[in-house]
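Undergrad: sequence-free structure coming up:
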Ligand SMILES: Nc1ncnc2c1ncn2[C@@H]1O[C@H](COP(=O)(O)OP(=O)(O)O)[C@@H](O)[C@H]1O
Ligand SMILES: [Mg+2]
């Protein structure tokens, strides 16, 4: 399996805080990677650095062997890296379908440099199909404001997906989603990912979710990667149990 993303000694300080303290990691094609760690341990900073929202103080980020360090978010997106945010970035007064049509027109603008008609029959067809993969079978003419949090999270990821990414980074895809809906949301997300062989990285606080969906876990602590491995070995690691899971402290 090829390397999709590589971080090499990435450093980012905010004043005295080391939000990224020499982070080095390689992610392989098709991997599903869970990122865990206490609040303030640098999880979001890592995603922000990879996606161009935060510039590293030192170090390098490589995507499919290309140096992407310091590129703007839009340039990073154009290369095939998409992300979602802890709080979904949606047009809540528009419908589910309209949100997807906008995402698709952004993609075609990236590829061809112009805005195509927003509502051509082809576009609507493609939008409808993509939405169906994320569990939006009926009701796509509803306004986003009527959706529960789980639905908003799914739609947010579906919109990033419209950009055809090779690497997708999700910041807490189940935060704010009710306990009953969490596994349903993740099942839907993972099913859609598997079908497209995308590399997925998700930040998550719920260890049951991580254990079930990640095939690799990165544990962040104080801006560094404290542990890296499959869920069983990482969750059995004494340092992880003490510092992150809060056992035996
Ligand atoms: N834009 C910023 N300005 C100042 N400090 C920041 C900024 N972004 C993050 N930090 C700090 O960096 C550390 C890591 O933050 P973050 O990456 O958001 O952690 P996590 O996502 O693991 O909760 C925290 O101490 C946070 O306060
Ligand atoms: Mg965070």
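TA: Structure's in. What do you need? Every value quoted in this text rests on a predicted model; they were computed, and no experiment measured them. Ligands and ions are numbered 1, 2, ... in the order given.
Undergrad: does ligand 2 sit close to stretch 39-57?
TA: Yes. Stretch 39-57 lies within reach of ligand 2 by Cβ under 5 Å from the ion, at 43-44. (Each C-beta comes from the backbone N, C-alpha and C, glycine too.)
Undergrad: any residues touching that stretch, and which ones?
TA: 5, 7, 10-13, 18-21, 23, 35-37, 61, 68-77, 81, 83, 86, 169, 171, 201, 203, 220-224 (Cβ atoms under 8 Å, 6 or more residues apart in numbering).
Undergrad: That stretch and ligand 1, any residue contact?
TA: Yes. For stretch 39-57 and ligand 1, the contact criterion (Cβ under 6 Å from any ligand atom) is met by 39-45.
Undergrad: Can you report how many residues lie near the residue of the chain found nearest ligand 2?
TA: Per Cβ to the ion, residue 44 is where the chain lies closest to ligand 2, at 3.2 Å. Neighbourhood size, residue 44 [other Cβ atoms under 10 Å]: 21.
Undergrad: The one 5 residues further on too?
TA: Neighbouring residues of residue 49 were enumerated by other Cβ under 10 Å; the total is 25.
Undergrad: could you say which helix or strand contains it?
TA: Here residue 49 is covered by helix 43-50, with elements defined by DSSP states H and E.
Undergrad: Show me what secondary structure element comes after that helix.
TA: Helix 43-50 is succeeded, C-terminally, by strand 58-63 (DSSP H and E).
Undergrad: packing partners for that following strand?
TA: Here strand 58-63 touches strand 3-14, strand 17-28, going by 3 or more Cβ pairs under 8 Å, 6 or more residues apart in numbering; DSSP states H and E.
Undergrad: mean confidence for the last one?
TA: The average pLDDT for strand 17-28 rounds to 97.
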